[in-house]
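Visitor: predicted model and sequence follow; I will ask about them next.
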Amino acid sequence: MTQLHPEIADEQDFVNHAYDCLESSRTAAWRMREMHEADLGGTFQARFERNAVDEALVKRLVELDLGDAALVFGRIDRVGPEVGGTEAFHIGRLAVSDEDREPVVIDWRAPVAEPFYRATGRDPMGLVRRRHFVVEGRSVLGLEDELFGEGHIGIGDDGLASTQTELRGYSTLVASIERGRTGTLGDIVATIQSEQDEIIRSPQSGVLVVQGGPGTGKTVVALHRAAYLLYTHRFPLEDQGVLVIGPNRVFLRYIEQVLPSLGEAGIEQVVLADLIPGVRVRGHDREATARVKGLPVMSSVIDRAIRDRERPLRHDMTFPFRSGYVRLRAVETEAIIRGARRGQRRHNAARRHVENEVWSALAANWRETDVTPEHVRSELRGRYEVREMFERMWPVLTPAELLHDLFGSAALIRSASRNLLDEDEQALLRRPRAASVDEVSWSAADVALLDDAREALGPRPNRSGKIDDADEIRTYGHIVVDEVQDLSPMELKMVSRRSLNGSMTVVGDIAQATGPSAPADWEDVLEHLPTRREPRVIGLSVGYRIPQQIMNLANRVMAEAAPGLRAPDSVREGDADPQIVHTDNLGAAVVEETRRLNQELAGGSVAVVATDDRCDEISLALDEAGVEHGRATAGLGKGITVVPVSVVKGLELDGVVVVEPADIVESSDRGLRSLFVALTRSTKRLSVVHSRPLPQSMVDATPSSN
């Protein structure tokens, strides 16, 4: 920049003042907390109120700790008739007031801040100027102004006028995009664009589907929407809870800092398996097996499997009682089982009903009339053969026990899935029976089945026969689901089960659907989500992250993988074309390209993406060449990471080396879509290294080297 903006010093003074006010607020919050900690006595009510205040103070202290995030990133000047001219508001990450309680910084979610994101030349929303700050920590490095009025002129740090672009704060946006990646996703609170803000501030009720291609920012938009809803509907959402569901743990580690950076640290962020207590996912299913387990009819299969465990006795049974015997007739147990089923109780809760009816039947069959069901119960309940009878008639089951028994028996599978699954599908569910339920290697596709069984079975009663409410499935006031296009119908049902009121934000891209149950359109997804309110589908049309040269290559693959779907428009040209490298020595070429990208990107984030079964080989080649790197087992680092194509979706990096596209295409039924995902992870540099022939859609797509 040849000339600094004439007001940059004034804005730096303002930012310094804002940080001083923020520090004063932190000091006051600490002082108040120390006062409460010193007072440990009082009544129960007083202690309860003190704990509530302390909890609120701790939350406020967390909000006020910004770390390296910028406090102030913008300003709006609007016409203020009440003050006889214009009034200015500085927009920031959170609200800050001075010692007189006068606002210094406006929270980006407040209604007064909306024009910062939504004003246009056609609809300035009362603004005369919008200013964007280029900041690093507390330092103001530059300013970018957009003036609203005749000509719609913008002035930047170079002091020269320029016509307003379609994108809000273009220079600030590009500077943010081109900043090196750190291995975790950052917020976009300073650069939210109008179409993104429309989604973030849309009404809470019902299911909102956000369709967005690679680089459109759909993930951060969904997370900012969660923060906005908590700000706008603090009560009751804070008590009801907000749940964020991601596709894998690498992705969760990648997004984990976004919500805390926005002052919302209490939101749960999970993968689906985290919602099933006591079950570890260690196994893997074949794609065909996972597809069957995801079918919506599996819910009926589970219901039948439970019903198959509710069985009357085949023969009469007698038990010693006092000076004789009591008899339970098989025909009586048929009536008992029918009655338990008619009661529409969940299976485990109905066990108490079955037991009570059995005790009543036994007492009625005793020759004397002074015997009550309680007399029979107290004498017989400890006998082994009685306990065995109840387990045969109506066993109390955990979801794991039910599915362990079901999948370990061809006969049980056949009985539960007759007329629901064909013979081949039934065979796919069968697996060798483990020695015990604790030794079962559950797969990701089993998780939704375990949850469905948990809902149908209900919690197990305790020794007193009561149901513990803590064992019930928890519901949430709002749920965010990322990469929703990869969830099966059973997994979507699992998500819906946790919705308190049908309020959801689900984001994804049909073109990137690579799961075994990939939907053809959003109707296939919405069919299994709550329908209390009419769902809304909103598309993000602009790609902010991926340079146009890389999108040109990826779009050729998408045209073959998902004909008819439109790719987003990229907002910027990159400074280098993708490189396609053909080689006879794959390992050496991958090492060379990885080193080159790492040097060109000055230590930014670089991913080497390959099929899951090739990652060990690539890591070994990098080790032997002395290239320091990590594996994407729990997250990404700033340096070089080897990433399986199965977990790369949703991530963004400065540079990407895609290894052997033909292998990726052949790795699954939707391998071309997986390749499209792999090609669209980079913000700056892309290299493709191959020894096998490229897919036809990539041939002659970019300049090549050997």
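Guide: Cool, the structure landed. Residues are numbered from 1 along each chain as shown.
Visitor: what about the residue nearest to V590 when sequence neighbours are not counted, which helix or strand?
Guide: Of all residues beyond its chain neighbours, the one nearest V590 is V689 (5.2 Å), with distances taken as CB to CB, 6 or more residues apart in numbering. The way it works is simple: take the backbone N, C-alpha and C, and place the C-beta from them, glycine included. If you go by DSSP states H and E, V689 is part of strand 682-690.
Visitor: pLDDT of that strand, averaged?
Guide: On average, the pLDDT along strand 682-690 is 96.
Visitor: go ahead and confirm V665 touches R673.
Guide: No. Between V665 and R673 there is no contact under CB atoms under 8 Å: 9.5 Å.
Visitor: the two: who's more crowded?
Guide: Legend: neighbour count by other CB atoms under 10 Å for V665 and R673, higher for R673 (27 against 23).
Visitor: and the more buried one, its phi and psi?
Guide: phi -70, psi -40 (degrees, to the nearest 10).
Visitor: that one touches I510, doesn't it?
Guide: No. Using CB under 8 Å, R673 makes no contact with I510, being 9.5 Å away.
Visitor: which neighbours do these two have in common?
Guide: Counting by CB atoms under 8 Å, 6 or more residues apart in numbering, the common neighbours of R673 and I510 are A562.
Visitor: show me the shaky parts of the stretch 251-400 of the chain.
Guide: Counting by pLDDT under 70, the stretch 251-400 of the chain has low-confidence residues at 344.
Visitor: identify the residues contacting V480.
Guide: 222-223, 225-226, 242-245, 504-507.
Visitor: what count of nearby residues applies to D316?
Guide: With other CB under 10 Å as criterion, D316 counts 12.
Visitor: could you do E388 as well?
Guide: By the criterion of other CB under 10 Å, E388 has 10 neighbours.
Visitor: three-state assignment of it?
Guide: Under DSSP: H, G, I helix; E, B strand; the rest coil, E388 falls in the helix class.
Visitor: shift numbering so it begins at 10
Guide: In the new count, where the first residue is 10, that last one comes out as E397.
Visitor: tell me the spacing between the residue in the chain sticking out farthest from the centre and N374.
Guide: Farthest-out residue of the chain from its mean C-alpha position, per CA atoms, centre = their mean: S332, at 64.4 Å. Look at S332 and N374: by CB to CB, to the nearest Å, they are 15 Å apart.
Visitor: M513: neighbour count?
Guide: M513 has 26 nearby residues by other CB under 10 Å.
Visitor: just the helices in the stretch 460-609 of the chain please.
Guide: In the stretch 460-609 of the chain, the segments counted as helices under DSSP state H, counting those that start in this stretch are 498-506, 531-535, 557-570, 595-609.
Visitor: for the ones you listed, give me JSON lines that also has mean pLDDT and distance to E397.
Guide: Below are the helices of the stretch 460-609 of the chain laid out as JSON lines (pLDDT from 0 to 100; distance: least, CB to CB, whole Å):
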{"stretch": "helix 498-506", "mean pLDDT": "98", "distance to E397": "34"}
{"stretch": "helix 531-535", "mean pLDDT": "96", "distance to E397": "46"}
{"stretch": "helix 557-570", "mean pLDDT": "93", "distance to E397": "57"}
{"stretch": "helix 595-609", "mean pLDDT": "96", "distance to E397": "61"}
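Visitor: and the ones you listed as a markdown table, adding distance to V667?
Guide: Formatted as a markdown table, these follow (distance: least, CB to CB, whole Å):
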| stretch | distance to V667 |
| --- | --- |
| helix 498-506 | 28 |
| helix 531-535 | 28 |
| helix 557-570 | 10 |
| helix 595-609 | 10 |
